[in-house]
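[1] quick one: sequence plus predicted model below, questions after.
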Amino acid sequence: MSVNLTKLPSGLTIVTDAMPHLETAALGVWTGVGGRDEQANEHGVSHFLEHMAFKGTKTRSSQQIVEEIENVGGDLNAATSTETTAYYARVLKDDVALGLDVLSDILANPVFEAEEVEREKSVIEQEIGAAQDTPDDVIFEHMSEIAFPGQPMGRSLLGTAESLKAFTGETLHGYLAKHYRAPDMVVAAAGAVDHEVVVAEAAKRFAKFSGPPAPAPAPAKFGGGSRIVRRELEQAHLTLGLEGLSQSDPALFSLQVFSNILGGGMSSRLFQEVREKRGLCYSIYTFHMPYSDTGFFGLYTGTDPADAPEMMDVVVDQMKAAADTLTEIEVSRAKAQMKAGLLMALESCGARAEQLARHILMFGRPLTNTEMVARIDNVTLDSTHAAAQALLARSRPAVVALGNGRELSKAVRFAEGLTDAPDRARYH
């Protein structure tokens, strides 16, 4: 990679990766603020601010914002997560300056007109309603509440209809001023870009952002427990969560390998046992999400309500067995999948820009592809065993069952037994 990095006196980091064979560029602004930074009376404000950023500035109306980008064939979007918020654009190489101008304008000069604020509340209420109609969204919202009880990380990023009511333009201006600080922000671009041009444009257009880093959020504390959510649905939706590892933990890649072996693809143990051999489900998978100071290991599946107990019994048995009986072949295959996924994704300039920004927010510098591949290559059978066993010893499970039928209670009991005392003892 031809990565260049500049840090301005304000603390703003600018990073680019030139891909000369491309005619387009992906660029954006990433800031280290998300749902976990919200106070109780700010629930949903990170996501709300992201929406409102496109609703007009001192120099552009909401229509002008999108038209200026789309007039040159580009597109504009944004996303909020637990720990970051991103505003990004994809444009032709001659329009990089325009993209940076629009992105800086929506963050440095928003007006947050009262009428637009009220209108966007209605839009987000519709988004909340759509999420409540989607079983996958519902069950993971409950899972977050159990995994991180009484904490911002355990709340929905969307907020609630009630929490939205209190938001005003002043709320948004205050949150923006408090959390959007240059030391916590990264301007990243990849594709047909010139680093010096991007630096010059960013230095000029983001000059308003200054000050010390924003206050750090409270440390996360994993909880655990179980919940049955009754809904009239055709399927029983089941999730199981365990405390994972942070982004900087040396065992992170070993745990990712274990997750792939257990439920990361069609060759995974759970897919083969639960779907291919027993026909209990259409979809089953595991995943791991690392954060700055913790992580979340999760499993999701859906099945006929009558089959829910058998499903969870098999899941628990497979997880316990996998922690003890991993093979060199499985580890090698999972590592190959991870390397291929990493390198294939980076053929996209959008993925490159995002990875650069996230690495700087996580580690303070971009990691090279060689470093990333080396971290995967350094995973061994022994390190994967150790990561798997530590996972089962680290916390009691968080379990949620969504659906109807008497069998859900039995399924939850099976899942709760994953880390019962006798088993936890053998993993310490």
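    Cool, the structure landed.

[2] what is whichever helix or strand residue 415 is part of packed up against?
    Per DSSP states H and E: residue 415 is located in helix 407-416. Helix 407-416 sits against strand 225-230, strand 236-243, helix 308-325, strand 398-403, with contacts defined as 3 or more CB pairs under 8 Å, 6 or more residues apart in numbering; DSSP states H and E. Every C-beta, even on glycine, is put in place using the N, C-alpha and C of the backbone.

[3] Serialize these to JSON lines and add fields for mean pLDDT and distance to residue 157.
    What follows is the helices and strands packed on helix 407-416, written out as JSON lines (pLDDT from 0 to 100; distance: least, CB to CB, whole Å):
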{"stretch": "strand 225-230", "mean pLDDT": "96", "distance to residue 157": "19"}
{"stretch": "strand 236-243", "mean pLDDT": "97", "distance to residue 157": "17"}
{"stretch": "helix 308-325", "mean pLDDT": "94", "distance to residue 157": "27"}
{"stretch": "strand 398-403", "mean pLDDT": "97", "distance to residue 157": "18"}
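
[4] these into CSV, with extra columns for mean neighbour count and distance to residue 145?
    Formatted as CSV, the helices and strands packed on helix 407-416 follow (neighbours: other CB atoms under 10 Å; distance: least, CB to CB, whole Å):
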stretch, mean neighbour count, distance to residue 145
strand 225-230, 15, 8
strand 236-243, 25, 11
helix 308-325, 20, 20
strand 398-403, 26, 9
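
[5] could you dump these to a markdown table with distance to residue 165?
    Output for the helices and strands packed on helix 407-416, formatted as a markdown table (distance: least, CB to CB, whole Å):
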| stretch | distance to residue 165 |
| --- | --- |
| strand 225-230 | 25 |
| strand 236-243 | 30 |
| helix 308-325 | 38 |
| strand 398-403 | 28 |
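
[6] so where's the stretch 301-428 of the chain shaky on pLDDT?
    For the stretch 301-428 of the chain, the stretches flagged by pLDDT under 70 are 420-428.

[7] show me where the stretch 101-250 of the chain has helices.
    Per DSSP state H, counting those that start in this stretch, the stretch 101-250 of the chain carries helices over the ranges 114-132, 135-147, 161-165, 169-179, 195-205.

[8] pull out the buried positions in the third one.
    I take that to be helix 161-165. Buried residues in helix 161-165, counted by 16 or more other CB atoms under 10 Å: 163-164.

[9] tell me which strands and helices it is in contact with?
    Checking 3+ CB pairs under 8 Å, 6+ apart, helix 161-165 ends up next to helix 114-132.

[10] in the helix it packs on, what counts as buried?
    Of all the residues in helix 114-132, those buried under the rule 16+ other CB under 10 Å are 116-117, 120-121, 124-125, 128, 131.

[11] can you pull the domain assignment for this structure?
    The chain resolves into domains spanning 3-205, 225-427 when parsed by automatic domain parsing.

[12] mean confidence score for the first one?
    What it means is domain 3-205. For domain 3-205, mean pLDDT is 96.

[13] how far out from the middle of the chain is it?
    Chain-centre distance of domain 3-205: 14 Å, with CA atoms, centre = their mean, to the nearest Å.

[14] begin at 377 from now on, thanks
    Sure thing, new numbering starts at 377, so read that last one as domain 379-581.

[15] how long is it end to end?
    Distance across domain 379-581, first residue to last, is 22 Å (CA to CA, to the nearest Å).

[16] can I get the domains of the chain in a markdown table with distance to residue 587?
    Shown next, in a markdown table, are the domains of the chain (distance: least, CB to CB, whole Å):
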| stretch | distance to residue 587 |
| --- | --- |
| domain 379-581 | 5 |
| domain 601-803 | 17 |
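
[17] and residue 594, which of these is closest to it?
    Ranking the domains of the chain by proximity to residue 594 (CB to CB) places domain 379-581 first, at 7.2 Å.

[18] can I get the helices of the stretch 477-626 of the chain in JSON lines with distance to residue 436?
    JSON lines is the format used below for those (distance: least, CB to CB, whole Å):
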{"stretch": "helix 490-508", "distance to residue 436": "13"}
{"stretch": "helix 511-523", "distance to residue 436": "33"}
{"stretch": "helix 537-541", "distance to residue 436": "25"}
{"stretch": "helix 545-555", "distance to residue 436": "17"}
{"stretch": "helix 571-581", "distance to residue 436": "13"}
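
[19] closest one to residue 480 among these?
    Of all the helices of the stretch 477-626 of the chain, the one in closest proximity to residue 480, counting by CB to CB, is helix 571-581 (3.6 Å).

[20] returning to what we had before: out of the helices of the stretch 477-626 of the chain, which is closest to residue 787?
    Across those, residue 787 has its closest neighbour in helix 511-523 (13.0 Å, CB to CB).

[21] which one, of the helices of the stretch 477-626 of the chain, ends up nearest to residue 709?
    Residue 709 sits nearest to helix 511-523 of all the helices of the stretch 477-626 of the chain, at 27.2 Å, using CB to CB.

[22] can you dump the C-alpha atoms of that closest one in CSV for me?
    The C-alpha trace of helix 511-523 is given here as CSV (Å, rounded to 0.1, in the frame of the first residue of the first chain):
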residue,chain,number,x,y,z
PRO,A,511,-36.9,-10.3,14.3
ASP,A,512,-33.2,-10.1,13.8
ASP,A,513,-33.1,-6.5,15.0
VAL,A,514,-35.4,-7.2,17.9
ILE,A,515,-33.5,-10.1,19.3
PHE,A,516,-30.1,-8.4,19.1
GLU,A,517,-31.5,-5.3,20.8
HIS,A,518,-32.5,-7.5,23.7
MET,A,519,-29.2,-9.3,23.6
SER,A,520,-27.3,-6.0,23.9
GLU,A,521,-29.4,-5.1,27.0
ILE,A,522,-28.5,-8.3,28.7
ALA,A,523,-24.9,-8.4,27.6
